[in-house]
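[1] Fold the following for me, if possible:
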Amino acid sequence: MNKALKIALSAIMLAQFIKIPIKYVRTGRWEWTTFFETGGMPSSHSAGVSALATFIAIKRGFRTIDFALSSIFGLIVMYDAQGVRRQTGEITLAVNDLAEKLDKLEGKPDENVHDKIEKRLKERLGHQPEEVIGGALFGVLLGILGILFFPRTRKNDWLEKL
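    The predicted structure is shown next:
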């Protein structure tokens, strides 16, 4: 596996892991399943693509096609994470709220049934802009640290001879 891919995947995993203590600070409960959830601070999508673009910028240069591709890819991913996916989450909130209101209109007792049902639509899909920015900054930091702490190996010297 190449180093750029390792750093990008590590950024995604670390961003997901960091969500656990952040959620603990907010709720007072350790919820280890947070690692597998979408949404939240920091955006692992943003962290991954930013780490990749940073790594490529430092290794290959800002003027390369590699950096251009990784940057455009990253911008699309971050836009989608805070735009389309967040809007989907907000629509889901409205649908869940509507289902609860229908139950009340039908005269069913308010037992927060929808909070207990597994079929309740997942509401946290996307990111707030600050979560995307937090993930992007985290990814840039990890991209730089990846360069600093994992220096180039000499395995691919044959490429330089071509």
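
[2] Can you get me a residue count around Thr38?
    Here the number of neighbours of Thr38 (other Cβ atoms under 10 Å) works out to 16. Using the backbone N, CA and C atoms, a C-beta is placed for each residue, glycine as well.

[3] which residues does the residue nearest the centre of the chain contact?
    Central residue of the chain (Cα atoms, centre = their mean): Ser44, 2.3 Å from the mean position. Listed by Cβ atoms under 8 Å, 6 or more residues apart in numbering, the contact set of Ser44 reads Ala11, Ile12, Met13, Ala15, Gln16, Lys19, Gly135.

[4] for Gly135, same thing?
    Going by Cβ under 8 Å, 6+ apart, Gly135 touches Ala15, Met41, Pro42, Ser43, Ser44, His45, Ser46, Ala47, Ser50, Met78, His127.

[5] Of those - the most surrounded one?
    Going by other Cβ under 10 Å, Ser43 tops the contacts of Gly135 with 33 neighbours.

[6] how many neighbours does the nearest residue to Pro129 once chain neighbours are set aside have?
    Among residues not flanking Pro129 along the chain, Gln82 sits closest, at 5.4 Å (Cβ to Cβ, 6 or more residues apart in numbering). Gln82 has 22 neighbouring residues, counting by other Cβ under 10 Å.
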